[in-house]
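>>> everything below, folded, please.
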Amino acid sequence: MVSSVSSSSMAQRFDAVFAEASRATGAKFDFLLATAKRESGLRVDAKAPTSSATGLFQFIESTWLETMKEAGPALGYGSIADKIRKVGNDYIVPDRSERQEILAMRKDAKVSALMAGAYARKNEAQLSQALGRAPKSGELYAAHFLGAQGSARLIGMSERQPDLAADRLFPDQAKANRTVFYHRNGQAKSVRQVYDNLVATVPNESGLAKGVAHSGQPSSEPLAYVDHLGGRFRKKTSELVSFMAQMENAPVRRSRYGGEMDVSQSANHGVRPSRYAQATSLTPSIEPARSVTPSRAGETKAAPVNLLPDQAAPVDAESLAILPKAKPAGLAQAGQRFVELLGSSGQDDALPEPRSKTSSVSSGALDLSDYLAGVRKTDPEG
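Model (predicted):
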């Protein structure tokens, strides 16, 4: 037995396979899934290093040939079953190459799941007769692991002598599966401990799974599961088609950078379009916000709104009258003063002469204080 942890995504790969096997054999879907997880970690090519156990359900060679011979014809593998012969208690295939081909089928997930379901049905019938009651699902896994007779023996001894070392009852199985029969320190586990370990693999419900009706026909539970998956797929497909139709019909406009923008979504959710979006019309109609300001005779006028140059709205003279005048500052004020001085002088060459090098001003600099103050000075030598 190969023990491994599998993810839900791996389990989904085998949903259809286990559903088909459950419908064909009457075995529980949950039983098949839990058994495959415990036996191989849901790996179809799993191979036990200590025995001939191979495949999704870790069938050993003898059990595989026996199950294929007995259940193969009813499951559509009659031609394969005809190649297997029963000699005494053994099942053999005379042709060596055909034998290898039949054993290699253990790595086929579909065939392996069908054989596992058929094997579980057989073990259920034998355990019911041996125990005098319907076996629990976990006990059916113990039968898959130990065979029907071995499982019946384990169940009986766990009730009569629960503290007995399990490796004394199953020496061959203990040698091939040490983690099941021994603790980490090498001490042998009791019969009860091995029983609890095996039956915990599958939830303990009576029978194979409400999967088999008393008439011997499979119930509709696996089919209902498949229908459920189909319904989910159809729902998702319908949602996708509806979404694509909405996207196709939604109004879009092209961005100045070449992309497309959905204007319907922004309008519905109060999102302002990007300032870089190019409008579809070259002459958009802009209605500025109206803010009420007091005017003469108790009237109200709309205050002008700051707009971009290409969006400026006409403003009447009355509205302009209430706007504050911009005050010159910095260089603009100095320039205005310069123009006033030129106008008052009445001469075109009224610019002041630079100071001499002996002035208190540093060499290379001009003193404009007198000039700006309107004081004119003449050169004494002129």
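>>> OK, contacts around N123?
Residues counted as contacts of N123 (C-beta atoms under 8 Å, 6 or more residues apart in numbering) are P135, L140, A143, H144, G147, A148, S151. (C-beta placed from N, C-alpha, C; glycine too.)
>>> out of everything not next to it in sequence, what's closest to the fourth one?
Read it as H144. Among residues not flanking H144 along the chain, T35 sits closest, at 5.9 Å (C-beta to C-beta, 6 or more residues apart in numbering).
>>> that neighbour belongs to a strand, doesn't it?
No - checked against DSSP: H, G, I helix; E, B strand; the rest coil, T35 lies outside a strand; its state is helix.
>>> what's the burial count for it?
By the other C-beta atoms under 10 Å criterion, the neighbourhood of T35 contains 28 residues.
>>> ok, S79 next?
9.
>>> do N249 as well
For N249, the count of nearby residues is 8 (other C-beta under 10 Å).
>>> over to S97?
The tally of other residues near S97 (other C-beta under 10 Å) stands at 8.
>>> again, but for the one 5 residues further on
By the other C-beta under 10 Å criterion, the neighbourhood of I102 contains 23 residues.
>>> and the nearest residue to G55 once chain neighbours are set aside, how close does it get to E61?
Leaving aside its chain neighbours, G55 sits nearest to R106 (3.4 Å; criterion: C-beta to C-beta, 6+ apart). From R106 over to E61 the distance is 9 Å, taken as C-beta to C-beta, to the nearest Å.
>>> low-confidence ranges in the chain?
Low-confidence regions of the chain, defined by pLDDT under 70, span residues 1-11, 204-232, 250-332, 339, 342-382.
>>> that one: strands as residue ranges?
With DSSP state E as the criterion, the chain has strands at 85-87, 90-92, 252-254, 260-262, 292-294, 300-302.
>>> the nearest residue to G150 once chain neighbours are set aside: neighbouring residues, count only.
Sequence neighbours aside, F170 is the residue nearest to G150 in space, at 6.5 Å (criterion: C-beta to C-beta, 6+ apart). Summarising burial for F170: neighbours were counted as other C-beta under 10 Å, giving 20.
>>> and F170, its phi and psi?
Here is the backbone geometry of F170 (degrees, to the nearest 10): phi -130, psi 70.
>>> show me the contacts for it.
Counted by C-beta under 8 Å, 6+ apart, F170 has contacts L146, G150, L154, F181.
>>> can you pick the most crowded of these?
Of all the contacts of F170, L154 has the most neighbours under the rule other C-beta under 10 Å, reaching 25 neighbours.
>>> is it true that it touches S190?
No - here L154 lies out of contact with S190, judged by C-beta atoms under 8 Å, at a distance of 11.1 Å.
>>> any residues in contact with both of these two?
For the pair L154 and S190, residues contacting each of them under the criterion C-beta under 8 Å, 6+ apart are A166.
>>> domain map for this structure?
8-212, 220-254 (automatic domain parsing).
>>> how close does the residue lying closest to S51 once chain neighbours are set aside get to W64?
Distances taken as C-beta to C-beta, 6+ apart put A176 closest to S51, at 4.6 Å, once the chain neighbours are dropped. Computed with C-beta to C-beta, the distance linking A176 and W64 is 16 Å.
>>> which one of those two is surrounded by more residues?
Between A176 and W64, counting by other C-beta under 10 Å, W64 is the more crowded of the two (25 against 18).
>>> need the contact list for that one.
For W64, the set of contacting residues under the criterion of C-beta under 8 Å, 6+ apart consists of I102, L103, R106, M115.
>>> which of those has the most neighbours?
Ranked by the number of neighbours (other C-beta under 10 Å), those place M115 first, at 29 neighbours.
>>> and for the residue lying closest to that residue once chain neighbours are set aside, the neighbour number?
Taking C-beta to C-beta, 6+ apart as the measure, M115 lies nearest to T67, with 4.9 Å between them; neighbours along the chain are not counted. Residues near T67, counting by other C-beta under 10 Å, number 21.
>>> contacts only, for T67.
Counting by C-beta under 8 Å, 6+ apart, the residues that T67 touches are F59, M115, A118, Y119, K122.
>>> and those, which two are furthest apart?
Distances among those were taken as C-beta to C-beta; the most separated pair is F59 and K122, at 13.2 Å.
>>> more crowded one of the two?
F59 (25 against 17).
>>> quick check: the closest residue to that one other than its chain neighbours vs V191, distance?
Counting by C-beta to C-beta, 6+ apart, R106 is the residue found nearest to F59 once chain neighbours are left out, at 5.3 Å. Here the distance between R106 and V191 works out to 30 Å (C-beta to C-beta).
>>> with A48 instead?
The spacing between A48 and V191, counted by C-beta to C-beta, is 23 Å.
>>> compare those two (neighbour count), which wins?
Of the pair A48 and V191, V191 is the one with more neighbours under other C-beta under 10 Å, namely 25 against 17.
>>> correct me if wrong: that one contacts P162.
Yes - V191 is within contact range of P162, at 5.8 Å (criterion: C-beta under 8 Å).
>>> coming back round to it: tell me who's in contact with the residue nearest to H144.
F57, A116, A120, Y141, H144, T201, V202.
>>> need these in CSV (columns: distance to A74 and neighbour count).
Output for those, formatted as CSV (distance: C-beta to C-beta, whole Å; neighbours: other C-beta atoms under 10 Å):
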residue, distance to A74, neighbour count
F57, 18, 27
A116, 15, 26
A120, 14, 29
Y141, 23, 24
H144, 19, 25
T201, 27, 20
V202, 24, 25
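>>> what sits against the residue lying closest to K69 once chain neighbours are set aside?
Distance criterion C-beta to C-beta, 6+ apart; nearest residue to K69, sequence neighbours excluded, is I84 at 4.3 Å. Taking C-beta under 8 Å, 6+ apart as the definition of contact, the neighbours of I84 are L65, M68, K69, G72, Y91, I92, V93, I102.
>>> and what of R168?
If a contact means C-beta under 8 Å, 6+ apart, then R168 has A188 as its contacts.
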